[in-house]
Structure formats: C-alpha cells, structure tokens
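Student: quick one, structure for this:
(one chain, ligands or ions: 1)
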Amino acid sequence: MFFNHPAHHGRRAQCTGAMAGLVMLFLTSASSPAAPAHDYPVQPVPFTAVHLDDNFWAPRLETNRVTTIPYAFGQCKASGRMDNFERAAAVLRGENITNRQPPGFPFDDTDPYKVLEGASYALTVQPDPQMSAYLDSLIALFAAAQEPDGYLYTTRTIDPQHPHKWAGTNRWVNDPELSHELYNAGHLFEAAAAHYRATGKTNLLTVATREADLLCQTFGPGTNQLHLWPGHEIVEMGLVKLYRVTGDQRYLDLAKYFIDVRGSHPGGDDYHQSRIPPVDQTEALGHAVRAGYLYSGMADVAALTGDQRYVHAIDTIWENATYKKLYLTGGIGSRPKGEAFGANYELPNLTAYNETCAAVANDYWNERLFLLHGDARYVDVLERTLYNGLLSGVSLDGTKFFYPNPLESDGSHERSPWFGCACCPGNITRFLPSLPGYFYGQQGDKIFVNLYAGGTADIALDDGRKIKFTQQTRYPWDGAVKITVVPEKKSRFTVNVRVPGWALNEAVPGDLYKFLEDAREPVTLKVNGRSMPVKLNQGYVSLDRSWKAGDVIELNLPMPVRRVVASDKVFADRGRVALQRGPIVFCAEWPDNPGGKVRNLLLPDDQPFTARFEPALLNGVETIEGKAFSVSRNADGSLTKTGQDFKAIPYFAWANRGRGEMAVWIATSEGAVRLP
Ligand SMILES: [Zn+2]
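Tutor: Coordinates of the predicted model:
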C-alpha cells in the first residue's frame, strides 16, 4: 500500500522551482499515487492554505476547537460510545464480558469518528500535542475493536448472536435497510483521510484501508460477491477520499459500483434513493441527508471517471431541490416523517425539519457542483446554507445543538446538549474546521474567490506560481471587501471575483424566492482604485491582467435590508415577508419584541428599517429595527392592531436566550397572522 504525502493535496503540489522538482520526484518514485486521468476541473484550495482571522468565523472555529471538540468527545464517552469499542476489543481478546447490551443505535460508532475528523482538521490550524495523543489512543481503541479480516462494527462484535436488532443476522445483508455497516465504514474512511492529511500518521488510515479492502472483496459484480447498495450513503464519498490518499483504484471502482448497483433490482424505495438507478433520478427524494451524501458521491465519481451520466442526473436533481424544495435558510428536507424531502413547494415553517446534517450535506453537494461547473450559483446556495441553516445547528457557546432547524417556533424548540441519535453535533464539529477550504478555487491560471472573510490564502497555480491573497472585510456585516494580491513576481493570471446573487436581484437561483424591490445601489469593483465594469460570467467578474505585489481589488456589495417573498406556490409563506441583509437571513425572536410574541406581528410593506451592529448582543450581531403591528383578537371576535417597535436578529443566533417564539416569515396581511 502506497500513501500520498499529506502536503500533496490532489494533483497539485503547493511547491515550486528546483525544490518542487525534487519533492515531486520523491513523491512520484516513493509514495505518490498517479494523478487521476480525470478530476474536478476546478480544484479547491485546501483549508490548510487558508487562514481566517476575522471577527465572524475565526471565533466560531476557535470555539469549535477549544470547546465543542473536547465536549463532543466527552459526550461520546459519557454516552457509552467509547465503551462500545472497549467491549468489542475485549471480546476479540477472548475476554468474557458481562455487559453484552448492544449500542443504542448501530451507527453510534460514527460519532467518535466524526469528532476525530473535526479534531484532525483543527490540529492543522493549531498544533495540540495533548489532543494529538488522545486521538492516537482512540485510534488504538478502534484498531483493537476491528476484527481480524478488517470488519469494524461494534454491535456485532460485542455479541454476534444478539447484535442490535437493526444489524441483521449476518454481516451486511441488512445494510440496504437498517444495519448502517457501510455508513459506519464511510465515516471511518472520511475520518481516516482527514487524520492522515492532517498528521501524516497512518495509524487510522491502516484501520480504514483494512476495512476498505474487506469491502472490495465482499461487494461487486462478481458471482461470489454481494450485490447490495448502502442503506445510508456516505461510503461512496469516503471511498473516494481513500482513493485520493492511497491511489488505490479499487476504492474508486467500489464507490462507483455502490452508486451503480443502487436501484438496479427490485426492493428499493424513494426513502433510500433506491427505487431506480441514480443516473435515472430527476427529483430530490427521500431522506435528505442520505440524498445529499449520494449526490455528493455521484459528483466525486463523475469528476474522477469523466462519466457525464452522473453529472446530468445531479444537475437535474439540483434544479428540483433548489428551485422547489429549498428553505430561505438553505435548509433541505422539510418533512419530519422520514427526515425527508417533501413534495415540490412543501415548505412549512413551524414543522420544518431541516436537519443540521442535511445542511452540511447540501454544502458538500453544492461545493462539488461548483468544482464541476465553475459556476457561482452553487456557491450562492452554499453560502446561504452556511450562514443560516447550517450555523443555526450549534449554539454560540458551542455546547448545544439543533437537530431540526425550523423557521418558526411557538416556544417549544430548544437546542440540546446531545442526542440519542447524535449525527448532527458530529457533523457540525467536523464541518466548521474545514470551512476555510471552501473560500477559494483554482483552475489552470484562474483563481476563484468564492467566500469573504478577513484572512489570508496561499495559492499555487498549475505551473507552480505562488500568490498570496489577503482579505480585509467586516463581512457578513459589511459588504466592503478589500483583497490584496501578492504574486511572487509580476505575472498574468485571472482572478474570478464572485458577486453573490443576493447583491444583485436574485435571492436564490431559480424563482422560489425573490426580493420585493430591486437593489438601488450598484455593486462596484475597483482594481488599484480604478473602477472596473461589473460584467458577470457565471457569477464572477473575471479580472484577467498582469498582477504585481500589492495590487488591490476593492469589491463593494451594498447591504441594504431586503424584503424577500416566496413563490405563491409556497403555501406556508403566502402573505408573508422575510428579511435578509447580505447573506444573512433574519428572524424576529421573543426577547427583542414587546410582550415576547412575534407570530402575531404584522409588518407593513412600507415600513422603513434601520440596521446597526450591536457588539454586546449575541457575541456581536447586526440587528434590524423598525415598526410593526401586534395583532390580537377581541372578545367580540374583532381584531386590534397595536403599533410597536420591531426588531430582528440573524436567524443563526436564535435560541441562545431560552425558549420562546421565533419567526422568519412575518405576516404582511391580517389573514396570515397567527393569533395568540
Ligand atoms: Zn443529523
């Protein structure tokens, strides 16, 4: 088994000159897998090359590193998830264990894997020998719980005769339904690739490849192999990551096989995206997290095989998901039953499910579509989800989590310290530290600037030229972004600067939501003080010129408070308006509005708003203030409208001050008011 060097991300080494030649020679001859024949046309600039030092993300990432990661490991331990591995290891050592109780869920093993993945990313930002040693001890535990042939699934190992009832009587056979054996494997692979890239150590990678090798023997088209599809997707993405670090073609082939076998014989259903083969699917259906992971895996396999059938399918599904099934917060999966996509335009607010994991999956998927197509509309969806329906999944202090993320509350919602099914905390924990990797893309001699936050990036072009980017901005609170470009030496390349749809007149791609009024102030762009035409190509202003050290791009994205209305087809939002400023969706919450009620508010279309930054509120947020009416019913059935002050806060920051009412969509007509 050959492993790729961790500093060598994908097909492009971040090094130049004579040293590059030496390093490449070393990698090629000793340890580098050959570059794939096909790959994403745009490559992400790895999170290790991007450092945020802003006032919005950097503190959230630091809270994740110093609070959420240790906290989540603690919860995994306290809830018995580490003990499951201990008990499986004891059984494998031949010890007689007294407690053979199966884990609460057969996928409980994935929670430590996911937190370990997040901890690995965090280690690259801030070395932490104590954390590093703890990860090694956990990895030793995982290895000890792995059966001799590579199988790793604690519930069966603890008691093969009486595993969790979802596990089935034999290995794998129940996976298309409930066992989650391949789901566990997928998260193990994701964690292993991250840990290897972060630390260069092969201890977890060895555990992962042992199981991946077992999967390669077990599943496939051969007569002695199982022809089953994974019941909960993610192993496809995980195998691709193992392929990227090891160069082992079998892992990519198996990822492709798992997609192709899905829905190929009777017994599938829409819930599992397995009623028909994925390449023939046209609608976002079923369990939203499963779906998002499948579409992400299809994008990976499409990029690496060049097979356009997958691209056509996910493009079509994306149009359905984005044009007809997307919440304004970027959340997907509206139905609690089955944690699933609803019908087209079925987007209720109070009962909106919007699992945090589905927001993470939506961002994985949209990032991959951007890498395939180089089009900023996918980044528009990614950004909307990131700042709203994903970030709402974790409290400001980093220790409480939402599983569903509704757009309205009657006071019954509150973040939890943990869950029996704890998928969401782990997903937040692993996503946030990888966020810097979503800021830039690179293709040939073109650099894409996708997201905005203060910080630096060290980017290498295909020919090895190195360029440093520095962003100075108060984004997302202010749309003025100053980007300083410092190439090693003066040379020509293209900087693609993204102009978000919200800064123009497109609330989202498609016509599901639109701004009530057109933007008045134009987007402006200057290079070294000279105004440039804001002419968009796939959502970017392309600046193709000769750059020298210290050249400055000044992008100004005006951020007035915008009223958003939904398509008439969305029943839940009829007669209602939402507020957005920059990429941030706002909500009215009980502590900020007189009487603590917000569902009975009426917001007339002609009321002006003011926005201001409140440094002492919710760790510092921009708020929106204006006037509204509170509506109540009199004893005789008539309605009374009382004028009062109105205040809205960013949606992601709600539910940090106790339970109470919240609403994203506020009534503009009496018929839409929810009377107390
Ligand atoms: Zn979840």
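
Student: switch to C-alpha atoms for all contacts and neighbour counts from now on
Tutor: Noted.

Student: report the secondary structure state of Val541.
Tutor: Here Val541 is strand, with the state taken from DSSP: H, G, I helix; E, B strand; the rest coil.

Student: pull up the gap between the closest residue to it other than its chain neighbours and the ion, please.
Tutor: Counting by C-alpha to C-alpha, 6 or more residues apart in numbering, Val541 lies nearest to Val497, which is 5.2 Å off, once chain neighbours are set aside. From Val497 across to the ion, the span is 33 Å (C-alpha to the ion, to the nearest Å).

Student: so what's Val497 scoring on pLDDT?
Tutor: For Val497, the pLDDT comes out at 98.

Student: distance from stretch 81-99 to the middle of the chain?
Tutor: 34 Å (C-alpha atoms, centre = their mean, to the nearest Å).

Student: doesn't Ser542 make contact with the residue nearest to Val541?
Tutor: Yes - applying C-alpha atoms under 8 Å as the test, Val497 and Ser542 come out as touching, 6.5 Å apart.

Student: so between those two, which is more surrounded?
Tutor: With neighbours defined as other C-alpha atoms under 10 Å, Val497 and Ser542 compare such that Val497 has more, 24 against 19.

Student: check contacts around that one.
Tutor: Phe448, Val449, Asn450, Tyr540, Val541, Ser542, Leu543 (C-alpha atoms under 8 Å, 6 or more residues apart in numbering).

Student: check contacts around the last one.
Tutor: Read it as Leu543. So Leu543 contacts Thr494, Val495, Asn496, Val497 (C-alpha under 8 Å, 6+ apart).

Student: closest to Ala255 among the residues you listed?
Tutor: Ranked by distance to Ala255 (C-alpha to C-alpha), the contacts of Leu543 are led by Asn496 at 32.5 Å.

Student: and the closest one, which of the three is it?
Tutor: Applying three-state DSSP: Asn496 is strand.

Student: burial count for it?
Tutor: 24.

Student: do Asp605 as well
Tutor: Neighbour tally, Asp605, other C-alpha under 10 Å: 12.

Student: which strand residues bridge Lys526?
Tutor: Ser531, Glu554 (DSSP bridges).

Student: going forward, begin numbering at 861 instead of 1
Tutor: Yes, from this point I'll number from 861; that puts the last item at Lys1386.

Student: now it: how far from Arg1472?
Tutor: Counting by C-alpha to C-alpha, to the nearest Å, the separation of Lys1386 from Arg1472 is 26 Å.

Student: mind listing the helices for the stretch 1161-1310 of the chain?
Tutor: For the stretch 1161-1310 of the chain, the helices defined by DSSP state H, counting those that start in this stretch occupy 1168-1184, 1216-1233, 1236-1244, 1283-1291.

Student: rebuild the ones you listed as CSV, extending it with mean pLDDT and distance to Ala982.
Tutor: Below are these laid out as CSV (pLDDT from 0 to 100; distance: least, C-alpha to C-alpha, whole Å):
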stretch, mean pLDDT, distance to Ala982
helix 1168-1184, 98, 31
helix 1216-1233, 98, 18
helix 1236-1244, 98, 21
helix 1283-1291, 97, 9
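
Student: how about the residues of this protein by the ion?
Tutor: Neighbours of the ion within the chain, by C-alpha under 5 Å from the ion: Cys1217, Cys1283, Cys1284.

Student: neighbours of the first one, how many?
Tutor: Applying the criterion other C-alpha under 10 Å, we find 28 residues in the vicinity of Cys1217.

Student: neighbours of the closest residue to it other than its chain neighbours, how many?
Tutor: Distances taken as C-alpha to C-alpha, 6+ apart place Cys1284 nearest to Cys1217, at 5.3 Å, with adjacent residues excluded. Other residues lying near Cys1284 total 24 when counted by other C-alpha under 10 Å.

Student: residue contacts, Cys1284?
Tutor: Glu1215, Thr1216, Cys1217, Gly1253, Phe1261, Phe1262, Tyr1263.

Student: nearest to the ion among the residues you listed?
Tutor: Of all the contacts of Cys1284, the ion sits closest to Cys1217, with 4.1 Å by C-alpha to the ion.

Student: could you measure from that closest one over to His1132?
Tutor: Taken as C-alpha to C-alpha, the span from Cys1217 to His1132 is 16 Å.

Student: try Gln986
Tutor: In terms of C-alpha to C-alpha, Gln986 sits 39 Å off from His1132.

Student: between those two, point out the one with more neighbours.
Tutor: The neighbour comparison of Gln986 against His1132 (other C-alpha under 10 Å) goes to His1132, with 24 against 10.

Student: which residues touch the more buried one?
Tutor: Gly1091, His1092, Gly1146, His1147, Arg1150, Ala1151.

Student: over to Lys1349?
Tutor: Neighbours of Lys1349 in contact, by C-alpha under 8 Å, 6+ apart: Lys1408, Ala1409.

Student: for the residue nearest to Val1401, give the beta-bridge partners.
Tutor: Taking DSSP bridges as the rule, Val1357 bridges to Val1309, Val1401.

Student: in the stretch 1161-1310 of the chain, what residue comes closest to the ion?
Tutor: For the stretch 1161-1310 of the chain, C-alpha to the ion, closest residue to the ion: Cys1284, 3.5 Å.

Student: so which bits of the strand or helix carrying Ser992 are buried?
Tutor: Using DSSP states H and E, Ser992 sits in helix 989-1004. For helix 989-1004, the neighbour count (16 or more other C-alpha atoms under 10 Å) marks Met991, Ser992, Leu995, Leu998, Ile999, Leu1001, Phe1002, Ala1003, Ala1004 as buried.

Student: hang on, the earlier thing: ok, the contacts of Cys1284 vs Ala1532, which is closest?
Tutor: Distances from Ala1532 to the contacts of Cys1284, taken by C-alpha to C-alpha, are shortest for Glu1215, at 26.0 Å.
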